[in-house]
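Trainee: Have a look at this prediction, sequence included:
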Amino acid sequence: MKLTKLAFAALAALAACGPMGENSGAGNFVKGVQGLASSLIAGPAEPVEVAPLSREQLAATGVPMMVMVLPSRNATAAMAQISDAGGRKTWMSPDGISVTTQDGIIVATRGLGDDLMGADVDGVLSAIKNGGTVQRTHAFLSGEDQIIRPTLTCTYKKDADQAITILGQNIATTRMAEDCENAQIAFKNYYWLANSGEIVQTQQWISYGVGHLATQRP
Amino acid sequence: MKNRYYLWLGVSATAIATIAAAQETPHYSLYGTPGLIEMPSAFSAPDAEIGLSYNTFELQQRGTLTFQITPRLSGSFRYTHFDNYTGNGVDDTYDRSFDFQYRLLDESDWMPAVAVGLRDFAGTGLLTSEYVVASKHLTDDINVTGGVGWGRLGSYNGVSGFAERPENDFENGGVPAWDQYFRGDMAAFGGVEWQITPQFAMVAEYSSDAYTRETDNGSFEHNSPFNFGVTYQPTDRIAISAYSLYGTDVGLSFTTTLNPKYRATVGGADPAPLPVRVRPAGSQNEVWARTPEVETALRTAVTQALAADGIVVDSMSFTDDQVRIRYTNNKYRAEVQAVGHVARTLTQAMPNGIDDFLIEPMRNGIPISATLIHRSDLEQFETSAEGTAEIYRRSLTTAAGPRGDLVDAPQTEDRFTWGIVPYGEVILFDSQNPGSFEAGLQASFEYKIEPNLVLAGSIKKSVYDNRDQLGTIKPSTLQPVRRNAPIYAEEGDGGIERLALSWYGHPSADLYSRVTLGYIEQMHGGVSTELLWHPLESRLALGAELNYTAQRDYDQGFGFQDYEVLSGHMSAYYEFDQGFHATVHAGRYLAGDWGATVALDREFDNGWKIGAYATLTDVPFDDFGEGSFDKGIRVTIPFDWITGQPSRLENSTTLSSLTRDGGARLDVQDRLYEVVRDGDITSYDASWGRFWR
């Protein structure tokens, strides 16, 4: 019996060379395992600090910016808007994570693993502002490369009045709660509305693998 | 951490998974199959689960791989070490065995699950038994099993069954013993399992295996039919068990399970792709200044952008409202994902007036399909919930046309490339030795004369090996086309492993061609020609291969031995539903023998493949030698499943019989079917979910 071309990681790290060597199974296996190991080891350990960012820094970039906090990865990032497709704005972090929002509501992520592939959120903004019940459809990619598309029923109600601070600025907000569920999934999101009616801060559920993601508009 | 974070936002974060309770994994037995201790149960593992177990007690050490082939059918491969084969402390041996179990009836509120099984049905018969078994949960935590067995499982307190069981004259082994199944004495067995906590379980059984042969030769003492055990599961995927066996012995087992359906990174850890650029309203009808200079600039921009994404552009052409692009994807396992990346890159670079993208992936220098995508669909469906399905519905994939007006893109890849990599080879599971090992360095080069005409070669130098096989080559009446592999390894170390020129063609929409010329593989050189008929939308492909080769000298130089042979096969490939894939090669093999190779694989959409094959030729079993004929199981694990990072690499492992001369095919690299099928409709359907990754 024969196990052919088994990759030997340690040897490969020392010995693979040349353009074909770097692309070989052994070489890539080492890189991949290192990446996987560091992502698994670097689980949530330290408290999340709000990004050490200032309004001035964000303004200096010259493009619209958003602050994202991902507690399950212990990550905070300033994200720059890189596209606007008919009101769906895509924000990219320097380390290859993108989040797409429509009126502040997250409709897609990339680069997080268990990503939200897409979402239909028609009527959600109005329900956040006025209360009510809305259906949302989300799309996920399974481990078998199939799209799974659950539809959830969501109800909205005012949760509290809350004064929050975003990048040093105090903002009076109304906190709205969103409860979504179907037979398999249930999650709770929050949206903070400024007096202008604009969504300035959110905490939204992405997927089981990612958990919740928080956003702030400076 | 959570407290700090939630304090920051001042709210809690909740999400509840109530996904219909995943089917629970049954415990694995000392045989490495779902069951009690030595007795089977009627429960099945969840579909596609792979159970790997190592079990040991005084008489035997068993390593088993069990695969849940379908929700009802499971198959197992086992390699067993017998310490005391013919008596106490004498004559140890190794043996391979295969099992099948089929669940006939599902468990319901009132009815038990019922299954029928064959253990060691085609080996040397040391563990052979057959059974019918029923299992039922009394509560969520307690289940009972009862059954009737034949063979080993009919040996304790057995009663005469339906017919005489003939003696097993296994000779060279490896052949199903049809005349034995469910014959001879039959006996009852049973047991109970109690899941005390999620981590701990207890099991007790009444075994119908009397260990007759072992008791007779004095290597085992059988005092009681009752066995007891306790199982500890630190995680869902690991189980450690300890057993008391037959009143005289103890056993231990370690089992780990994995399921190809579940990827640790779920969708994969690819970084975010470039997004779609949406054209401003009204700009779609802009006429762009189409001059050769502008086209060259566009071609260069797209080529450079895609090169950074692991995609090598071959050529592009333009009309006023369409762009056509040919490229080779070196990065993504699924061609569909590369199609998605090319499409998004084109939205960034193309003038607003261009509405249609014709995207043609290539492999080995030949186009394998062409997908027409409307730019406005990309703009509309990038992040909508139906986006993946809508792009699929609105795009059209057909066979790639002729080259036509395509113009070469600037080269981003060197024509000549080389590398030195370490290699390792493990020879496992023969009857004398459980494993031997060789490691060394392999230097390779590749020179692309044209994209579809490549000269490639490699040299291998062993640095370490612990094999001592020269003395173990068993004689045969056949030309030694394969069995002298150890001589090649010994005398040819540092020689030319492979040096061949290969040419690929796509003569018409449904036809593909290949010619390979030179030192094609380690032991044979000459010319190999192949033609494949595979309409893109068809589940069927048909191929014909004709080779004229001579056997190479043992020193792996340029010389040949005095053995020339015309070999070749007619091949059929068929994609069944649920990912089952069948292959038949019928024709003439390297030793001049005529026959056929049949293979059945279960292929998962995420790139895993698990299958089995067998080759039967007109070589008599006695001439073939141990195992009687060539057969094996094979597993392919894609790298991106393991690491989450995009990669086209995969690790393929074949567990086969000893390499013998009967049923040996020429080992040609990159046969056509595996080259072109990545672009066919079945592959696109399977992996379309990755379009927007």
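Mentor: All right, it came through fine. Numbers count the residues shown, from 1 in each chain, chains lettered A, B, ... in the order given.
Trainee: For the rest of this, base every contact and every neighbour count on C-alpha atoms.
Mentor: OK.
Trainee: So the residue nearest to B:A113 when sequence neighbours are not counted versus B:S74, what's the distance?
Mentor: Distance criterion CA to CA, 6 or more residues apart in numbering or on different chains; nearest residue to B:A113, sequence neighbours excluded, is B:E107 at 4.1 Å. Distance, B:E107 to B:S74, using CA to CA, to the nearest Å: 17 Å.
Trainee: Those two - which one has more neighbours?
Mentor: Between B:E107 and B:S74, counted using other CA atoms under 10 Å in any protein chain shown, B:S74 has the larger neighbour count: 24 against 17.
Trainee: Identify the residue nearest that one in space, chain neighbours excluded?
Mentor: B:Q68 (4.2 Å).
Trainee: what about B:E167, neighbour count?
Mentor: 9.
Trainee: And A:D179, by the same measure?
Mentor: So A:D179, with other CA under 10 Å, has 18 neighbours.
Trainee: One more: B:A385?
Mentor: For B:A385, the neighbour count with other CA under 10 Å is 27.
Trainee: And for B:L126?
Mentor: For B:L126, the count of nearby residues is 20 (other CA under 10 Å).
Trainee: B:L396 too?
Mentor: Count around B:L396 with other CA under 10 Å applied: 13.
Trainee: So it is in contact with B:T371, correct?
Mentor: Yes: the criterion here is CA atoms under 8 Å, and B:L396 meets it with B:T371 at 5.4 Å.
Trainee: so who does B:V132 touch?
Mentor: B:114-117, B:147-149 (CA atoms under 8 Å, 6 or more residues apart in numbering or on different chains).
Trainee: wait, is it part of a strand?
Mentor: Yes: assessed with DSSP: H, G, I helix; E, B strand; the rest coil, B:V132 lies in a strand.
Trainee: Kindly provide the distance from it to chain A.
Mentor: Distance of B:V132 to chain A, computed by CA to the nearest CA, to the nearest Å: 32 Å.
Trainee: quick one: pLDDT of the nearest residue to that residue once chain neighbours are set aside?
Mentor: In space, and not counting its chain neighbours, B:V132 is closest to B:V116: 4.4 Å by CA to CA, 6+ apart. At B:V116, the pLDDT value in this model is 98.
Trainee: So for the strand of greatest length in chain A, mean pLDDT?
Mentor: Counting residues, the longest strand found in chain A (DSSP state E) is strand A:151-166. For strand A:151-166, the mean per-residue pLDDT is 93.
Trainee: and it, which strands flank it?
Mentor: Here strand A:151-166 has these sheet partners by DSSP bridges: strand A:132-141 (antiparallel), strand A:169-181 (antiparallel).
Trainee: And it, how far out from the chain middle?
Mentor: Relative to the chain's own centre, strand A:151-166 is displaced by 18 Å; criterion: CA atoms, centre = their mean, to the nearest Å.
Trainee: what comes up buried for stretch B:416-425?
Mentor: By neighbour count on 16 or more other CA atoms under 10 Å in any protein chain shown, the buried set for stretch B:416-425 is B:417-425.
Trainee: go on, stretch B:178-187?
Mentor: For stretch B:178-187, the neighbour count (16+ other CA under 10 Å) marks B:180-187 as buried.
Trainee: Out of the residues you listed, flag the one nearest to B:Q551.
Mentor: Proximity of the buried residues of stretch B:178-187 to B:Q551 was ranked by CA to CA; the top entry is B:Q180 with 42.2 Å.
Trainee: Wait, that closest one touches B:R165, no?
Mentor: Yes: using CA under 8 Å, B:Q180 makes contact with B:R165 at a distance of 5.4 Å.
Trainee: Where does the closest residue to B:F254 other than its chain neighbours sit, in terms of helix or strand?
Mentor: Spatial nearest neighbour of B:F254, excluding adjacent residues (CA to CA, 6+ apart): B:I240 at 4.7 Å. Secondary structure assigned from DSSP states H and E places B:I240 in strand B:238-245.
Trainee: Contact residues of the stretch 251-400 of chain B facing chain A?
Mentor: B:261-273, B:275-278, B:379-380, B:382-388 (CA under 8 Å from any CA of the partner chain).
Trainee: And the longest strand of chain A, what's buried?
Mentor: Buried, per 16+ other CA under 10 Å, within strand A:151-166: A:151-152, A:154-158, A:164, A:166.
Trainee: Among those residues, which one lies nearest to chain B?
Mentor: Checking the buried residues of strand A:151-166 against chain B by CA to the nearest CA gives A:I164 as the nearest, at 8.3 Å.
Trainee: show me the contacts for that closest one.
Mentor: Contacts for A:I164 (CA under 8 Å, 6+ apart) come out as A:170-173.
Trainee: of all those residues, which comes closest to chain B?
Mentor: The closest of the contacts of A:I164, once distances to chain B are taken by CA to the nearest CA, is A:T173, at 12.3 Å.
Trainee: what number of residues lie near that closest one?
Mentor: 23.
Trainee: Could you report the separation of it from A:K158?
Mentor: 11 Å.
Trainee: so what's B:P620 up against?
Mentor: B:S628.
Trainee: pLDDT wise, what is it at?
Mentor: B:P620 carries a pLDDT value of 86.
Trainee: Equivalent analysis for B:T347, please.
Mentor: At B:T347, pLDDT is 97.
Trainee: same for the helix or strand hosting it, what does it pack against?
Mentor: B:T347 belongs to helix B:335-349 when assigned by DSSP H and E. Applying 3 or more CA pairs under 8 Å, 6 or more residues apart in numbering or on different chains; DSSP states H and E, one finds that helix B:335-349 contacts helix B:292-307, strand B:356-363, helix B:375-381, helix B:681-687.
Trainee: what packs against the third one?
Mentor: I take that to be helix B:375-381. Going by 3+ CA pairs under 8 Å, 6+ apart, helix B:375-381 lies up against helix B:335-349, helix B:387-394.
Trainee: Can you give me the buried ones in that helix?
Mentor: B:375, B:377-381.
Trainee: Mean neighbour count added to the helices and strands packed on helix B:375-381, as CSV?
Mentor: Below are the helices and strands packed on helix B:375-381 laid out as CSV (neighbours: other CA atoms under 10 Å in any protein chain shown):
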stretch, mean neighbour count
helix B:335-349, 22
helix B:387-394, 17
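Trainee: want to try JSON lines for those, with distance to B:I37 as columns?
Mentor: Formatted as JSON lines, the helices and strands packed on helix B:375-381 follow (distance: least, CA to CA, whole Å):
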{"stretch": "helix B:335-349", "distance to B:I37": "46"}
{"stretch": "helix B:387-394", "distance to B:I37": "48"}
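Trainee: Which of the ones you listed sits closest to B:S508?
Mentor: Of the helices and strands packed on helix B:375-381, the one closest to B:S508 (CA to CA) turns out to be helix B:335-349, at 21.3 Å.
Trainee: from the chain's centre, how far out does that closest one sit?
Mentor: Distance, centroid of helix B:335-349 to centroid of chain: 29 Å (CA atoms, centre = their mean).
Trainee: Repeat that for stretch B:119-129.
Mentor: The chain centroid and the centroid of stretch B:119-129 are separated by 25 Å under CA atoms, centre = their mean.
Trainee: Could you report the separation of the nearest residue to B:H524 once chain neighbours are set aside from B:R498?
Mentor: In space, B:H524 comes closest to B:Q551 once its chain neighbours are excluded; the distance is 4.5 Å by CA to CA, 6+ apart. Between B:Q551 and B:R498 the distance is 13 Å, computed by CA to CA.
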